[in-house]
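**Student:** Provided below are the primary sequence and the corresponding predicted coordinates.
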Amino acid sequence: MGLTQYFILILCFAGVLSNVINISNSGGNETQPFIEIGSKYYLINTTVEMNWFEAMIYCRNFDSYLAVIESEAEMNALSSYLITNEGHIGKNFWLGANDLVDEGKFMSVKDGRTMPYAKWLGGHQPRDYDRNEDCVQLWLFNNIFYMNDKNCWAKLYAICELRQPK
């Protein structure tokens, strides 16, 4: 075996060892760093702002997707959590829906279907300002969270939703 092959073998072994260590250190809590809010688990990023596409990748790195709000109860639970936790006040977040394929028809990244629930600011949203707002954000307006269409390249925080707790 040549030096290159030994190096590759060592890298593979290190990768396997790293996975074993990570599994053994997880302590059986397979939902961390996600927090339970209502009936779902979320990862609420308030450290790095990113565009919608980067937010999608960010969530995928945690085996999750951008959050898709499916009901009024879920919207209320998530909004209540965000409003009552200081680090989230004044921040806007990407959600997992867009109308990139068909203008005005917001589709869920979770299953490719029409967004199951919407709470737009009455009469004002979605408005596709400058024909350039295609991604959905969770937007704080007058201390109430609403959904808003936003330019996908804007820098916001991400809310990831865990696929299924194991």
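**Tutor:** Cool, the structure landed. Note that the structure is predicted; figures quoted are calculated from it, not measured.

**Student:** quick check: domain ranges of the protein?
**Tutor:** By the record's domain assignment, the chain is partitioned as 1-27, 31-162 (automatic domain parsing).

**Student:** for the shortest one, what is the average pLDDT?
**Tutor:** This means domain 1-27. The average pLDDT within domain 1-27 is 38.

**Student:** same deal with stretch 94-105?
**Tutor:** Taken as a whole, stretch 94-105 has an average pLDDT of 94.

**Student:** would you mind measuring the gap between the ends of it?
**Tutor:** 17 Å (C-alpha to C-alpha, to the nearest Å).

**Student:** so which bits of it are buried?
**Tutor:** 94, 95, 96, 97, 98, 99 (16 or more other C-beta atoms under 10 Å). Backbone N, C-alpha and C define where each C-beta goes, glycine included.

**Student:** how far off centre is it?
**Tutor:** Distance, stretch centre to chain centre, for stretch 94-105: 14 Å (C-alpha atoms, centre = their mean, to the nearest Å).

**Student:** what sits up against it?
**Tutor:** 50, 52, 55-56, 59, 65-69, 106-110, 114-115, 126, 128, 134-138, 147, 149, 152, 156-159, 161 (C-beta atoms under 8 Å, 6 or more residues apart in numbering).

**Student:** those, buried ones only, as a PyMOL selection?
**Tutor:** The following PyMOL line selects those of the contacts of stretch 94-105 that are buried, judged by 16+ other C-beta under 10 Å:
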select buried, resi 50+52+55+56+59+65+66+67+68+69+106+107+108+109+110+115+126+134+135+136+137+138+147+149+152+156+157+158+159+161
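
**Student:** show me where pLDDT drops low in the protein?
**Tutor:** For the chain, the stretches with pLDDT under 70 are 1-29, 123-125, 128-131, 165-166.

**Student:** the strands in it, which residues?
**Tutor:** Assigned by DSSP state E, the strands in the chain fall at 35-37, 40-44, 64-66, 93-98, 107-108, 135-141, 144-150, 157-162.

**Student:** going by contacts, tell me the helices and strands next to the first one.
**Tutor:** For strand 35-37, the elements it packs on are strand 40-44, helix 72-84, judged by 3 or more C-beta pairs under 8 Å, 6 or more residues apart in numbering; DSSP states H and E.
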